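**Q** Okay, structure incoming, though there's no sequence with it:
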């Protein structure tokens, strides 16, 4: 028999603490759509996506009703388009337009995979795709882009790092009249994963099945509330409590993901155990850290508290799901987290501290707003630093940074909705120009003699 | 297949009857009811058999949600599996 207090706990988590399934993402391989004729290739891409994901949104909505759980986003990720567009030897923007059209037809709010993997070098199609990103993102509404520029096995492609600084700035400039939103749809990765369900960095890796369902759970509010009930507990007890809460959250994701996969007739991939904050009051990772005893997120101790949180979430979630993957951990996007925004405005959280936090969080510098007059080589150097943290620590790191055109430090760039609003953060004024312009590749790091 | 119906809000006359009425109309059999009234806050948990539900689960759930809005109560209808998976290993 069900226990009354368990039932009420679940209701409270869902309705007061903003627990939800953040995304059900269908990964679709486009490898069978390759064609030297770009119009034929685009036709195949459109047909494959709209056919495979025909019932995706409807199924998500039915599961929402059945389980009484909000499923915030239904999305699609596809094979990195550089691999599909290479054979056409033409400007790949046509693919972005067709992806946008297919996304609108299926009803998903984002489609990820306008991507290239260039951690060791550029192959046919990669350079064309990267150079077309600003145009593609300014002409489409739902397309998201990502570029993998480094990995622990390959090192860091510094030519790609240099290029991505320029591409991010140009994307922002091209969408300046739309809150620079173009830059919010690009993620630059080191050690990108093939099964990430979260945007903007989702793409469908080549090792994946033809179609797959991946689920991203959320729930910073539920974790915060659990920690808030333990004002005098020791750190061990807090870690234990976070594990328990993460277990419950993940079980919910596992159930919904497995059921969605069954209804759609595609294999179930993974649950991404991430704590993904939203701008809603209380649904903040920063507030969890503050609940642990920090006056403000960004104070000394923040990195340690985040390390504990990230680890406990994984430990609790791993047993709750048959397959865990994606990025799995605590996200720290600035503009999407009310506590992070507050910490920046109060001067508690700087870009340097944020960078340190990314060494122990699940991804990296996320939804960080900087001044629109920041030079491209400075953005490239920020990417290089972040990639180095990922490369050396064998973890995924990413940069999603938005140069706010026409805005200066202290002003706010407002995106609206789940993307929130970000204060323009201070950037170190000294130039990395010479280092960035050298080009080449940072060699892969040693995997032994670790100190 | 069973669903859990929870009702939380200010106590008024006939809440249980109205919820049970909607269940009966859709051929949903109420199997167990726990209810408490603390001061004037009403909290009820109902376990119902939906295997012979006539019509769509979503429509049934919407009917109860509409009743909740009319009576100024929070009514949630959720499939039993969700509680089993979250609270049982």
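**A** Happy to help now that I have it. Given the structure is predicted, the values throughout are model-derived calculations rather than measurements. Residues are numbered from 1 along each chain as shown, chains lettered A, B, ... in the order given.
**Q** hey, let's count contacts and neighbours off CA atoms from now on
**A** Fine.
**Q** how about the residues of chain B that lie near chain A?
**A** Selection of chain B residues close to chain A by C-alpha under 8 Å from any C-alpha of the partner chain yields B:45, B:57-58, B:61, B:76-79, B:81-87.
**Q** Of those, just the buried ones, PyMOL syntax please.
**A** Listed next is the PyMOL selection for buried residues among the residues of chain B next to chain A, using 16 or more other C-alpha atoms under 10 Å in any protein chain shown:
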select buried, chain B and resi 45+57+58+61+76+77+78+79+81+82+83+84+85+86+87
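**Q** so of the residues of chain B next to chain A, which ones are in strands?
**A** When DSSP state E is applied, those are split such that B:45, B:76-79 fall in strands.
**Q** from those residues, which is closest to residue A:297?
**A** Distances from residue A:297 to these, taken as C-alpha to C-alpha, are shortest for residue B:76 (35.4 Å).
**Q** ok, that closest one - contacts?
**A** By C-alpha atoms under 8 Å, 6 or more residues apart in numbering or on different chains, the contact set of residue B:76 is A:68, B:5-7, B:61, B:64-65.
**Q** Read off the pLDDT value for the residue lying farthest from the centre of chain B.
**A** Within chain B, residue B:89 marks the point farthest from the mean C-alpha position, 25.1 Å out by C-alpha atoms, centre = their mean. Residue-level confidence at residue B:89 comes out at 80, pLDDT.
**Q** and it, what does it touch?
**A** No residues are in contact with residue B:89 under the rule C-alpha under 8 Å, 6+ apart.
**Q** Would you mind listing what in the stretch 151-300 of chain A touches chain B?
**A** Near chain B, when you scan the stretch 151-300 of chain A using C-alpha under 8 Å from any C-alpha, you find A:247-249, A:251-252, A:255.
**Q** Just put those residues in TSV and tack on neighbour count and secondary structure.
**A** Formatted as TSV, these follow (neighbours: other C-alpha atoms under 10 Å in any protein chain shown; DSSP: H, G, I helix; E, B strand; the rest coil):
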residue	neighbour count	secondary structure
A:247	26	helix
A:248	22	helix
A:249	30	helix
A:251	27	helix
A:252	27	helix
A:255	18	helix
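**Q** so who does residue A:149 touch?
**A** Under the criterion of C-alpha under 8 Å, 6+ apart, the neighbours of residue A:149 are A:117-120, A:156-158, A:160-161, A:188-190, A:387.
**Q** Correct me if wrong: residue A:400 contacts residue A:189.
**A** No - contact status for residue A:400 versus residue A:189: not in contact, 9.0 Å apart, counting by C-alpha atoms under 8 Å.
**Q** Tell me which of these two has more neighbours.
**A** Applying other C-alpha atoms under 10 Å in any protein chain shown to residue A:400 and residue A:189 shows that residue A:189 carries more neighbours, namely 27 against 23.
**Q** is it fair to say residue A:300 lies in a helix?
**A** No - under DSSP: H, G, I helix; E, B strand; the rest coil, residue A:300 falls outside any helix and is assigned coil.
**Q** re the thing from before, tell me the one of the contacts of residue B:76 nearest residue A:8?
**A** Nearest to residue A:8, judged by C-alpha to C-alpha, of the contacts of residue B:76 is residue B:6 at 8.3 Å.
**Q** and that closest one, what element?
**A** Assigned by DSSP states H and E, residue B:6 belongs to strand B:2-10.
**Q** Among the contacts of residue A:149, name the ones in helices.
**A** The helices, defined by DSSP state H, take in A:158, A:160-161, A:387 from these.
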